[in-house]
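Participant: What shape does this take:
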Amino acid sequence: MAKFKTKRDKGLKPISTASLPDVVFMLLFFFMVSVSFRQTERVVMVKVPEATEIAKLERKDLASYINIGTPLQVYQAQYGTDARIQLNDSFSTVEDIRDFVAAARESMSEADRPFMTVNLKVDESVRMGIVTDVKQELRRCSALKIMYSTRKKVENTSF
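Facilitator: Numbering: from 1, shown residues only. From the prediction side, this is the model:
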């Protein structure tokens, strides 16, 4: 009679890592496609005030941003320390807002134009006069959906 040899249990077989580079590259491509980078470079200092209630912006691609604040140190020799309006990457005046909103609307599809939102990022030390002027100009060009960027209020919790 023949004897059957029993295989000794050598433990678990190692996991194949042959497909690991494929998975890593798929994740890399996913994050490269899904991440959106900052469109404009900020040329004004903006320290937004704290908020008690926050509403999330549904579609960021329908938002146009207006920054209002004092110029950065690099630009203060040329533009002074008074509050300035930043549209895209340059300083602008209140009169330029109409062209800015018109250009933003033209870049959107016809169906998305009613959902356009203007997001104001205003420094907490800026006087309300310039903000009121910007809001009046936005009303004149029928940009009535306005949001304010704020910092989320952090509760002081001590244990």
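Participant: What separation is there between Leu28 and Asp123?
Facilitator: As judged by Cβ to Cβ, to the nearest Å, Leu28 and Asp123 stand 37 Å apart. Where you see a C-beta, it was placed from the backbone N, CA and C, and this is true even at glycine.
Participant: Settle it for me: which of the two has more neighbours?
Facilitator: Set side by side, Leu28 and Asp123 show more neighbours around Asp123, with 16 against 10, by other Cβ atoms under 10 Å.
Participant: In space, what's closest to the more buried one - neighbours in sequence excluded?
Facilitator: Gly69 (3.6 Å; Cβ to Cβ, 6 or more residues apart in numbering).
Participant: what about the strands in this protein?
Facilitator: For the chain, strands defined by DSSP state E occupy the ranges 44-45, 50-51, 63-71, 84-87, 90-92, 117-122, 146-148, 151-152.
Participant: Can you say which of the ones you listed is nearest to Glu106?
Facilitator: Closest to Glu106 of those, according to Cβ to Cβ: strand 63-71, at 11.7 Å.
Participant: Put the alpha carbons of the closest one into CSV.
Facilitator: Extracted C-alpha coordinates of strand 63-71, given in CSV (Å, rounded to 0.1, in the frame of the first residue of the first chain):
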residue,chain,number,x,y,z
ALA,A,63,-20.0,81.7,-7.8
SER,A,64,-18.1,84.8,-8.6
TYR,A,65,-15.8,86.2,-5.9
ILE,A,66,-15.3,89.8,-4.9
ASN,A,67,-12.6,90.4,-2.3
ILE,A,68,-12.5,93.7,-0.3
GLY,A,69,-9.7,94.6,2.0
THR,A,70,-6.5,96.5,2.5
PRO,A,71,-3.7,95.7,-0.1
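Participant: quick one, that strand and strand 117-122 angle?
Facilitator: Angle, strand 63-71 to strand 117-122, by axes from the mean of the first three to the mean of the last three Cα atoms, to 10 degrees: 20 degrees.
Participant: Give me the helices and strands touching strand 63-71, please.
Facilitator: strand 44-45, helix 73-79, strand 84-87, helix 97-106, strand 117-122, helix 128-140 (3 or more Cβ pairs under 8 Å, 6 or more residues apart in numbering; DSSP states H and E).
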